[in-house]
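Chemist: Dropping a prediction and its sequence here:
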Amino acid sequence: MKILVADTFEASGLETLKADGCEVLYEPELAGEGLVRAIGSSGADVLVVRSTKVTEGMLDAGRLSLIVRAGAGVNTIDVPAASRRGIYVSNCPGKNAMAVAELAFGLILALDRRIPENVADLRAGRWDKKEYSQARGLYGRTLGLLGFGRIGQEVARRARGFGMHTIVWSPRFLRDGPAAMAALPHDVDITVFNVPEEVAERSDVLSLHLALTDETRNFVGAAILSRLRPGTLFVNTARAELVDDVALADAVQTRGVRVALDVFPGEPAEAVGSFSPPLFNRATFYGTHHIGASTDQAQEAIAAEAVRVIRVYKETGKVPNVVNLSTRTPATHRLVVRHRDRPGVLAHVFDRLRAWNLNVQETENVIFEGADAAVARINLDGEPPADLLRAIEHGSQDILSLQVVKI
């Protein structure tokens, strides 16, 4: 199996892939047209990326069958285009959770104690204990979280250690209800609200941990930000596109909201470049360079998970963490075929189905002990008529019985 790694990747992961018998092409600077050419010329089966964008044109350039995002989200990959081409898309969820949570809490502490200004004044030879002794402190304060996946849970654990109360709004609780609460780890202590605005208005600190989807794009707008109390700390280490920038700027200007961001709209694609975030000149704004997952621990964990995904795919054809398989096919009926385990039996069944223009959505074939008989379960996009069933049953002496089940 040939692997093209088109982004920075841990050396340990590269060596493990090679030890597993994979041919590894490591070209971390590839992007755009260069990546299109490399996919075409390399004949790679698997593409591994981190922040590099994967476009529809790239998918047409070669013979990829799997794309692995060495990170949590897949928003940089054209997933619908991959699905149309039968290309698996997988990611490495949760492996950077602790790193992002650590940065989120570091930014919260920095905002509360104005650590960057402390450092800047000391480097400039200024001592101002009177000014920097003024801080609210975190103990007993309320931390609001919008989103409560693995990163949100890690943030909540750290908040508990600081004596903070954690309140949460998350789509998972709306979708799964009591089952989502029951599934939470025992060391996570939170209060859940059904409306995000209620979390915003009760928070001393509001931190974002939502996945970026069509529903969450610009989700944090004026309706939520206008409910923040004066002086609230606002932290985003998730996705820039979650926030309405105009509404955030208004919250900073009119209510003195203090902001710390690790993600920005229009941030440079290159590792080094010029960039001036919109809020940069305000004393109430802190920023870091989209480094949430960039710790040695996180990158080692992500590399190990990416290797696991590729190894399982290579050995079994199955893909862990796949994000683009349909949870429900258009199948309406299941044809259950009990048959002798002989060559050509299933080919006969599929030939008859094709002749009647019935499409197979999913199928499995279970073998009985001794390998003399088997049962095939075939999901179809329509109901097989009686004449078709007779043609299947009478067309092969190895068909033992047929059953049709409505799905």
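Modeler: Here it is on my side, so go on. Residues are numbered from 1 along each chain as shown.
Chemist: switch to C-alpha atoms for all contacts and neighbour counts from now on
Modeler: Noted.
Chemist: now the strands for the stretch 151-300 of the chain?
Modeler: Taking DSSP state E, counting those that start in this stretch as the test, the strands found in the stretch 151-300 of the chain are 165-169, 191-192, 205-208, 233-236, 258-261, 285-287.
Chemist: hmm, who's touching the fifth one?
Modeler: Judged by Cα atoms under 8 Å, 6 or more residues apart in numbering, the contacts made with strand 258-261 from elsewhere in the structure are 107-108, 111, 231-237, 252, 284-288.
Chemist: Excluding covalently adjacent residues, which one is nearest to the residue nearest the centre of the chain?
Modeler: Nearest to the mean C-alpha position of the chain, counting by Cα atoms, centre = their mean, stands residue 73 at 3.0 Å. In this structure, residue 73 finds its nearest non-sequential neighbour in residue 91, 6.8 Å apart by Cα to Cα, 6 or more residues apart in numbering.
Chemist: for residue 265, same thing?
Modeler: residue 240 (5.5 Å).
Chemist: Which of the helices and strands in this protein ranks last by mean pLDDT?
Modeler: Ranked by mean pLDDT, DSSP states H and E, the helix or strand of the chain with the weakest confidence is helix 178-182, at a mean of 82.
Chemist: From the contact counts, what lies against that helix?
Modeler: On a contact count with 3 or more Cα pairs under 8 Å, 6 or more residues apart in numbering; DSSP states H and E, helix 178-182 meets helix 171-176.
Chemist: Give me the buried stretch members for the helix it packs on, please.
Modeler: Going by neighbour count (16 or more other Cα atoms under 10 Å), the buried part of helix 171-176 is 171, 173.
Chemist: burial measure for the residue nearest to residue 73, as a count.
Modeler: Per other Cα atoms under 10 Å, the neighbour tally for residue 91 reads 26.
Chemist: I'd say residue 107 and residue 235 touch.
Modeler: Yes - when contacts are counted by Cα atoms under 8 Å, residue 107 is listed as touching residue 235 (7.3 Å).
Chemist: residues in contact with residue 64?
Modeler: Residue 64 neighbours (Cα under 8 Å, 6+ apart): 39, 43-47, 87.
Chemist: redo that, cut-off 6 Å
Modeler: Shown in contact with residue 64 (Cα atoms under 6 Å, 6 or more residues apart in numbering): 45-46.
Chemist: Remind me which helix or strand it belongs to.
Modeler: If you go by DSSP states H and E, residue 64 is not part of any helix or strand.
Chemist: Out of the contacts of strand 258-261, show me where the pLDDT dips lowest.
Modeler: Across these, the bottom pLDDT score, 84, is held by residue 284.
Chemist: Which residue is the nearest non-sequential neighbour of residue 279?
Modeler: Residue 279 sits nearest to residue 285 (Cα to Cα, 6+ apart), 6.3 Å away.
Chemist: longest helix of the protein?
Modeler: Secondary structure of the chain per DSSP state H: the longest helix is helix 296-316.
Chemist: how about the CA coordinates for the helix or strand that it is followed by, as CSV?
Modeler: Note on helix 296-316: by DSSP H and E, the next helix or strand toward the C-terminus is strand 333-340. C-alpha atoms of strand 333-340 as CSV (Å, rounded to 0.1, in the frame of the first residue of the first chain):
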residue,chain,number,x,y,z
HIS,A,333,-36.5,-4.5,1.7
ARG,A,334,-34.1,-7.3,2.7
LEU,A,335,-33.8,-10.4,0.7
VAL,A,336,-32.6,-13.3,2.9
VAL,A,337,-31.1,-16.1,0.8
ARG,A,338,-30.3,-19.5,2.5
HIS,A,339,-28.1,-21.3,0.1
ARG,A,340,-25.4,-24.0,-0.3
